[in-house]
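Colleague: everything below, folded, please.
(one chain, ligands or ions: 1)
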Amino acid sequence: MRPFVIVNYFLRNWNYAGYLAARVARTASPKLDHMSEAQRLSVAADYALQGAKQALQGMRALVLTGAGISTDSGIPDYRGAGRTPKHPLTFDSFMGSRELQVRYWARSFVGWSRIADAVPNPGHIALADAEATGRVLHVVTQNVDALHQAAGSKNVIDLHGRLDRVRCMSCSQIISRAEMDIILTRLNPGVSKDNEFEFTPDGDAEIEAYDGFMIPDCAACGGVLKPDVVFFGEQVPAVTATFAMEQLGRADALVVAGSSLTVNSGLRFVKQAARLGKPIVIVNLGVTKGDQYALAKVEASTSLVLPELFGA
Ligand SMILES: [Zn+2]
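Modeller: Have a look, this model is predicted:
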């Protein structure tokens, strides 16, 4: 831990000069005048950001992203500040109950279009650009919305799977969620996809009556169809977790963007980076479980911070 203490000390002192410079620049900078207060970084966040930017200079980072990076694309962070859903759908309960499968797909049928229509925001785009310039080695995401790929990132590891794919739990055949939507629409001609519901990042939407909702089995083998995402109570596939850790080993630094690190599948990257002596930068609104390991912590929206952090 000693190198971290030393660098932290350096950054604190260096940052004091940066802090004063930022204050002067802010009052003098006309280019920020068109932005509302909510769109601006606080002085404290800007101060931390300049330190983080300095610390990452000339480095190739592995970036771990969570729900916070997608909130500005209209996908709410249902865990919020460390919250978990009241009644998470677990792998065992889904696989063990046809009723829960029907409920899942009925809700997903209504909620899916909101996820499918979401577009990448400046945070996703900044990471895709930084990959193109060699500053980001890999993005490891806890999100299932595939917005990094939509933004143009090539090296994306979907730690928790992807909601745009559906997997047969017997023969492993994959169909697209779009194809599943066509099948569900055909099976349930009377059900409306009214969009005015509360929804969560896994495409869940509240609908009153799912009695009589029809769901398909695998066309190839009759098996159970499940969204290709890691449910609560399900492990990240070992091959995926191992590959992601190997990429962390190749990177110079770890950047956490929009995750409170409440799930161990994310926190273990921070602990491993700390063990390997790699600098850790955290960008998140709110406290994270990895804060104690971070060289710099920027408390602000990823859409504001990432373009600046990886900018010229
Ligand atoms: Zn099958």
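Colleague: state the distance from Ala238 to the ion.
Modeller: 22 Å (C-beta to the ion, to the nearest Å). Any C-beta I mention is one placed from the backbone N, CA and C, and that applies to glycine too.
Colleague: right, and Leu49 touches Val305 too?
Modeller: Yes - in this structure, Leu49 is within contact of Val305 by C-beta atoms under 8 Å, at 5.8 Å.
Colleague: close to the ion: what parts of the protein are there?
Modeller: Within the chain, the positions adjacent to the ion are 168, 170-171, 173, 218, 220-221, 223 by C-beta under 5 Å from the ion.
Colleague: which of those residues has the most neighbours?
Modeller: For the residues of the chain next to the ion, the largest number of neighbours (other C-beta atoms under 10 Å) sits with Cys168, at 20 neighbours.
Colleague: got the contact list for the closest residue to that one other than its chain neighbours?
Modeller: Spatially, and ignoring its direct neighbours in sequence, Cys168 is nearest to Cys218 (3.8 Å; C-beta to C-beta, 6 or more residues apart in numbering). By C-beta atoms under 8 Å, 6 or more residues apart in numbering, Cys218 lies in contact with 168, 170-171, 173, 224-225.
Colleague: just Phe213 next, same as before
Modeller: Contacts of Phe213 by C-beta under 8 Å, 6+ apart are 102, 105-106, 109, 188, 191.
Colleague: of all those, which comes closest to Ile115?
Modeller: Distance to Ile115 across those (C-beta to C-beta) is lowest for Phe109, with 11.9 Å.
Colleague: am I right that that closest one is in a helix?
Modeller: Yes - Phe109 forms part of a helix when assessed by DSSP: H, G, I helix; E, B strand; the rest coil.
Colleague: wait, it sits on Lys193?
Modeller: Yes - the pair Phe109 and Lys193 passes the contact test of C-beta under 8 Å, sitting 6.6 Å apart.
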